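Visitor: Predicted model follows, preceded by the sequence.
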Amino acid sequence: MALAVENLRRTYDGFVAVDDLSFAVRAGEIVGLIGPNGAGKTTTLRALAGILRPTAGRITIDGHDIIADAIEAKKRLAFMPDEPHLFEYLTVEEHLRLIARLYTVDGFEERSRALLQELELAGKEKALPGELSRGMRQKVVIACGLVRPATTLLFDEPLTGLDPIGIRRMRETIVARAREGAAVLLSSHLLHLVEEVCSRVIIMAAGKKVADGTFAELASRADLAAAGSNLEQIFMRVTGHD
Amino acid sequence: MISASLYIVVCSTKNRIRKRLARLREPRYLVGAIAGLAYFYFWFSTRARAGRRPPTRRPSASAAAEATAATIFAAAPSLVGIAVLLLAAVAWVLPFDSGLLEFSDAETEVLFPAPVSRRQLLLHRLLRSQAGILFGSIIIAIGSPVGGWKRFQISIGMWLLFLTTRVYYTGVTLARSRRSTTAWAPLAALGAAIAMVGAALVRAIAARPLVDPGELAARVGGAVTHGAAAIALWPFAALVRPLFADSAAAFAAAVSAGVVVLGVAVAWMLHGDDAFQDAAARAAARRVERAQTSRGGAVRARATGLSLALTGPPEPAFFWKNGVQTLRLTGLAAIRIVVAFLVIIVAVTSAVLNTMHLRGGAAAACAVAIAVAGFTAVLGPQIVRTDMRSDLLHLDLLKTWPVRPAAVVRGELAWPATLLTVVGWAAIACAAAFSPAAFPQVPALTRASLAGAALLLMPALVFAQYLVQNAAAIAFPGWVPLGNQRPRGVDAMGQRLIMLGATLLTVTALMLPGAVAGGAIWFAFQRWIGAAVFVPAAAVCTAIVMLEIAAATELLGPLFDRLDILAVERTE
């Protein structure tokens, strides 16, 4: 398994944000992580990325534990957060160069050029984050994640701030990376996006996993069969909002 | 609208107080609050004792000196009034800003579309600014070496002065934005007032030679208390007269006059709202720019001359990143010009002074250079914060990087510590160059040895402080202001006091083993090699401190690894 999560638990001052969460994502698979606000999706993704230490449980990336073997695990991981945190004083090009240095990227120049074209950032290489729109900054964050050959990609609301053309490009980019063999975990409130690009979906509510499977599997589940066959109907039923 | 403004002010104040009280449940804020309150208590009680103490007549003070002081005090309202008049004129020339037009985002989005007039919006801002003005006035009054009633008098007087100044500056900003020529009429009136007062002063001062400062004050005071000059100066002197009133009745009369001036200023500020929109937009733009600067955001993508190789250990990558930050924020061209300018000035001054055997200037230059070196070593690390203290704001990014935590710590402190070391070295080199003039009695060998020792000790001092500052940021992120944050409140002030004390103690402890070893070298070899012993003693001291720093960064690594992002995010 490219990404394996076993009994993940994370608490904040006694509040349980994620409780006993287990799942795995295979290489080449795109898994959607959905749930209402406060379900624990972002906490899960931040724990997977090594930003938050799990209170309990184990996370491995290609068999490397994110705590015990953090450097090897992080080398294989790319996290694209919903809020584009960038260094205000580094240009787009310098951000990519810094990432290349820290992750030791082979063929950086070619990869970087191709990626900037793919994400429509060509011509913005010398721009600082403050000179870019929200959507452009989001693309820079994604470029930083994709410029290295990561085996596991974590996307948190990757379409926030993108225009319709950017949204289409981003969908294509995510699918292309999975085809190349990356394991992709995608968190989004845009259920149509999840339905379109993901082969499997995990639904969280109140910190717990309440459903996990392909759309067909979820639709055929006895307790969900009456809800309907589309993801929105299933989501409403599972989270108790129908 | 006034009731709505009052509602906003009261609710905001109430919620701010409630939030500050609620955070006292956390030990760090409680301890900080106790320290802050203790500091204020001792400060207030010291000031109160000073105020109650009867004025003592210094034995050395002659009757003539006391008479001079009394004359100056008598003329004070006129003297300060003249200063206020000049400031009022300068406000039209320099881009002073009262801040009254800087509406917050919430005010812009909620109040601007609301059905309220621009005048009401200005009055709302004026109302909101009262707490800050009152606080500043009371602090000044408490800090004044006077008794109880006089303190009350000063706080009211300062409040009146600050408030009128703020209103006036806002009026100037609005007048500048107006396109009509009548908007500049107050400037013409000011020019006339300055001319009248200036003419009276010239006549009074040029009449006969001056004997002492008291006579100067008396003549200036006398010149503007009658005729056209008195009329021209009246509004400005009226504003400061409450500060100098010597009885309750005089104070009441002075305040009444000051309130009339304030009323006229408010009426002038509110008389037309055609320029309000433009001025408010410009003020908002300035506020955004300031906010960006405080976050390090208002930077230009200028070339820095620094490049990063694509392979190698991670520490230089942090060095490069922080270097780019400093150079983008300050500007490489500016740094180059300053450095070149300093080098030329030092070289030329040195050559000229040596040629002309002028020792005074060189001695002064030496003293300044020593002061700069000392300032760099002691206060530099508190000021240049392009290290973990600013990068903890990017902790979520740093945590995802495949870098050993100890390397992150080393990399973060490398750039600012190197930068300050180089600045310190330059200052020491200057001091050494000018030292023959400043310390002619000290032998050349001793001077050279001391300079060499200072050069060697500079990196130890600077790196040790950066280590402690960064360790504090990692171990107690809630206690250390990150980036350019300046948390407010008595508890936050107490935290800063505690952190300052703890930092100084820790740096001392860190330097101690090196100092002891250096002292031992000095003691053992001083009689054999004389003054030259300072160099090996400093070298040993620095070597030990640097080894301690290297070991400490390894120990800090696991601490950084375990650092929870929420500990950082929860700070103000």
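Guide: Looks like it came in fine. Numbering: from 1, shown residues only, chains lettered A, B, ... in the order given.

Visitor: and the residue in the stretch 1-150 of chain B that chain A sits nearest to, what pLDDT?
Guide: Of all residues in the stretch 1-150 of chain B, B:E26 sits closest to chain A, at 10.6 Å by Cβ to the nearest Cβ. C-beta coordinates here come from the backbone N, C-alpha and C atoms, glycine included. In this model, B:E26 is scored at 80, pLDDT.

Visitor: do the same with B:R295
Guide: According to the per-residue confidence, B:R295 scores 52 in pLDDT.

Visitor: list the buried ones in stretch B:219-239?
Guide: B:219-221, B:223-224, B:229-230, B:232-239 (16 or more other Cβ atoms under 10 Å in any protein chain shown).

Visitor: To clarify, my last question referred to stretch B:202-217.
Guide: Buried, per 16+ other Cβ under 10 Å, within stretch B:202-217: B:204, B:214, B:216-217.

Visitor: before we move on, back to that, not counting sequence-adjacent ones, nearest residue to the residue of the stretch 1-150 of chain B closest to chain A?
Guide: Closest residue to B:E26 in three dimensions, ignoring its sequence neighbours and counting by Cβ to Cβ, 6 or more residues apart in numbering or on different chains: B:G478, at 7.8 Å.

Visitor: Quick one: classify that neighbour as helix, strand or coil.
Guide: Secondary structure of B:G478, reduced to three states by DSSP: H, G, I helix; E, B strand; the rest coil: coil.

Visitor: how about the helices in chain A?
Guide: Secondary structure of chain A by DSSP state H: the helices cover A:41-48, A:70-75, A:92-103, A:108-118, A:134-146, A:164-179, A:191-197, A:215-220, A:231-238.

Visitor: What residues does A:T55 make contact with?
Guide: Shown here is A:T55, whose contacts under the criterion Cβ atoms under 8 Å, 6 or more residues apart in numbering or on different chains are A:9-11.

Visitor: For chain A, which residues are neighbours of chain B?
Guide: Proximity of chain A to chain B (Cβ under 8 Å from any Cβ of the partner chain) is limited to residues A:12, A:46, A:49-53, A:70-75, A:77, A:79, A:81, A:85, A:87-91, A:94, A:97-98, A:100-105, A:108, A:126-131.

Visitor: which residues does the residue lying closest to B:N322 once chain neighbours are set aside contact?
Guide: Nearest residue to B:N322 in three dimensions, chain neighbours excluded: B:W415, at 3.7 Å (Cβ to Cβ, 6+ apart). When contacts are counted by Cβ under 8 Å, 6+ apart, B:W415 is found next to B:318-323, B:326, B:386-387.

Visitor: Of all pairs in these, which one is the farthest apart?
Guide: In these, the most distant members under the criterion Cβ to Cβ are B:W320 and B:D387, with 13.8 Å between them.

Visitor: so can I have a markdown table of the contacts of A:T55 showing pLDDT, neighbour count and distance to B:P113?
Guide: Converted to a markdown table, the contacts of A:T55 look like this (pLDDT from 0 to 100; neighbours: other Cβ atoms under 10 Å in any protein chain shown; distance: Cβ to Cβ, whole Å):
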| residue | pLDDT | neighbour count | distance to B:P113 |
| --- | --- | --- | --- |
| A:R9 | 96 | 16 | 46 |
| A:R10 | 94 | 22 | 42 |
| A:T11 | 92 | 15 | 43 |
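
Visitor: what about B:P443, distance to B:G483?
Guide: Taking Cβ to Cβ, to the nearest Å as the measure, B:P443 falls 48 Å from B:G483.

Visitor: Please work out how many residues are found near residue 144.
Guide: Chain wasn't specified; assuming chain A. 24 (other Cβ atoms under 10 Å in any protein chain shown).

Visitor: please go with chain B instead
Guide: Residue crowding around B:S144 was assessed by other Cβ under 10 Å; the count is 18.

Visitor: From what I see, it and B:Q153 are in contact.
Guide: No. With contacts counted by Cβ atoms under 8 Å, B:S144 stays clear of B:Q153, the gap being 9.8 Å.

Visitor: Let me see the contact set for A:H95.
Guide: Remark: with contacts taken as Cβ under 8 Å, 6+ apart, A:H95 is in contact with A:86-87, A:140, A:143-144.

Visitor: Now for these: which two are most distant?
Guide: Farthest pair in the contacts of A:H95 (Cβ to Cβ) is A:F87 and A:A143. Separation: 14.0 Å.

Visitor: ok, which stretches of the stretch 1-150 of chain B are helices?
Guide: Across the stretch 1-150 of chain B, reading from the start of the chain, the helices by DSSP state H, counting those that start in this stretch fall at B:2-22, B:27-52, B:63-93, B:105-111, B:118-128, B:130-143, B:148-177.

Visitor: of all those, which lies closest to A:G166?
Guide: Nearest to A:G166 among the helices of the stretch 1-150 of chain B is helix B:105-111 (26.6 Å), distances taken as Cβ to Cβ.

Visitor: buried set for the closest one?
Guide: B:107-108, B:111.

Visitor: Closest residue of the stretch 451-572 of chain B to chain A?
Guide: Taking Cβ to the nearest Cβ, the stretch 451-572 of chain B has B:I565 as its residue nearest chain A, at 5.7 Å.

Visitor: Leaving out chain neighbours, which residue sits closest to that residue?
Guide: If you skip the residues right next to it in sequence, B:I565 has B:L395 as its closest partner in space, 5.2 Å away by Cβ to Cβ, 6+ apart.

Visitor: what about that neighbour, neighbour count?
Guide: 21.

Visitor: hmm, who's touching the helix or strand where it lies?
Guide: Here B:L395 is covered by helix B:395-398, with elements defined by DSSP states H and E. In this structure, residues lying in contact with helix B:395-398 by Cβ under 8 Å, 6+ apart are A:46, A:51, A:81, A:85, A:87, B:391, B:408, B:563, B:565, B:568.

Visitor: now do stretch B:76-94
Guide: With Cβ under 8 Å, 6+ apart, stretch B:76-94 has contacts from B:72, B:96, B:161, B:165, B:168-169, B:172, B:176, B:187, B:190-191, B:193-194, B:197, B:201, B:217, B:220-221, B:224-225, B:232-233, B:236-241, B:243-244.
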